[in-house]
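Q: from the sequence below, what's the structure:
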Amino acid sequence: MTMKIYSPKQNKPGFRAQAMVEFAVALPVLLVLLVGIIEAGRMVMMYAVVTNASRDAVRYASAVGRSDDGFLKYKYCAGIKQAAKTSGYILGLKDSDITISYYHGTSSTAFTTCTAASGEDSSVVLNTCKDNTSCDRVKVTVQKTYKPIIKLIPLGNHTFSSAATRTILGIFDLPNP
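A: Predicted coordinates:
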């Protein structure tokens, strides 16, 4: 059997009104915290997805061999961009958000950018990579702008950009044993 404990405070006039006022004061603070946590989480997620998209695309671009369409992967612009879009599908990446550049050896100046809308880009001609200093590199840059859904907290727009670079090794002739 339970025993009801009598509290004279509960029967005083204004007790329930006090609880409603406290809730009305605390609710906006709780909502701002909740929205802030959600928006910060979206921002961190966007940063991670942009980084992963550039890494996956450059990994595809540096691979030896041909795509399913029969094009050489390192100069198949549409395939490289599709690899980035597939990895970053949640962001809705467009072709304009992805830049593909090629570099000779240790140079910091790109000798060309991948611009072909379909098929292989004929302007991409690589060194043979006979020694480790003349190998060409591919760089994929993915960029996307974060816009808050709810402008309750002053986060503002931020553009996240991630660039990944890899060496294109090409095809090596293996000696017969």
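Q: which secondary structure elements does the helix or strand of the chain with the lowest mean pLDDT sit against?
A: Every helix and strand of the chain was ranked by mean pLDDT, DSSP states H and E. The lowest is strand 112-113, at a mean of 80. The helices and strands touching strand 112-113, judged by 3 or more Cβ pairs under 8 Å, 6 or more residues apart in numbering; DSSP states H and E, are strand 98-103. Where you see a C-beta, it was placed from the backbone N, CA and C, and this is true even at glycine.
Q: now do the strand it packs on, average pLDDT.
A: Mean per-residue pLDDT for strand 98-103: 90.
Q: contacts for it, please.
A: 53, 57, 61, 77, 80-81, 84-85, 109-114, 124, 126, 136-143, 165 (Cβ atoms under 8 Å, 6 or more residues apart in numbering).
Q: what is the subsequent helix or strand relative to the least confident helix or strand of the chain?
A: strand 136-146 (DSSP states H and E).
Q: paired strands for that following strand, with orientation please.
A: strand 98-103 (antiparallel), strand 158-168 (antiparallel) (DSSP bridges).
Q: determine the number of other residues adjacent to Leu27.
A: The number of residues packed near Leu27 is 10, by other Cβ atoms under 10 Å.
Q: whoops, His104 was the one
A: His104: 15 neighbours (other Cβ under 10 Å).
Q: with the one 5 residues further on instead?
A: Thr109 has 7 neighbouring residues, counting by other Cβ under 10 Å.
Q: any idea how far it lies from Leu126?
A: Applying Cβ to Cβ, to the nearest Å, the value for Thr109 to Leu126 is 16 Å.
Q: low-confidence stretches in this structure?
A: Residue ranges of the chain with pLDDT under 70: 1-16, 127-133, 170-177.
Q: any idea which residue sits dead centre in it?
A: Val50 (1.2 Å; Cα atoms, centre = their mean).
Q: quick one: secondary structure of that residue?
A: In three-state terms, and counting by DSSP: H, G, I helix; E, B strand; the rest coil, Val50 is helix.
Q: residues in contact with it?
A: Neighbours of Val50 in contact, by Cβ under 8 Å, 6+ apart: 88, 91, 142-144, 160-162.
Q: which of those residues has the most neighbours?
A: Val142 (29 neighbours).
Q: identify the residues contacting that residue.
A: So Val142 contacts 50, 53-54, 57, 84, 88, 93, 97-98, 161-163 (Cβ under 8 Å, 6+ apart).
Q: one more pass at 6 Å, please.
A: 50, 53-54, 84, 98, 162 (Cβ atoms under 6 Å, 6 or more residues apart in numbering).
Q: that one pairs with what?
A: In this structure, Val142 bridges to Ile98, Ser162 when assessed by DSSP bridges.
Q: what's the burial count for Tyr74?
A: 26.
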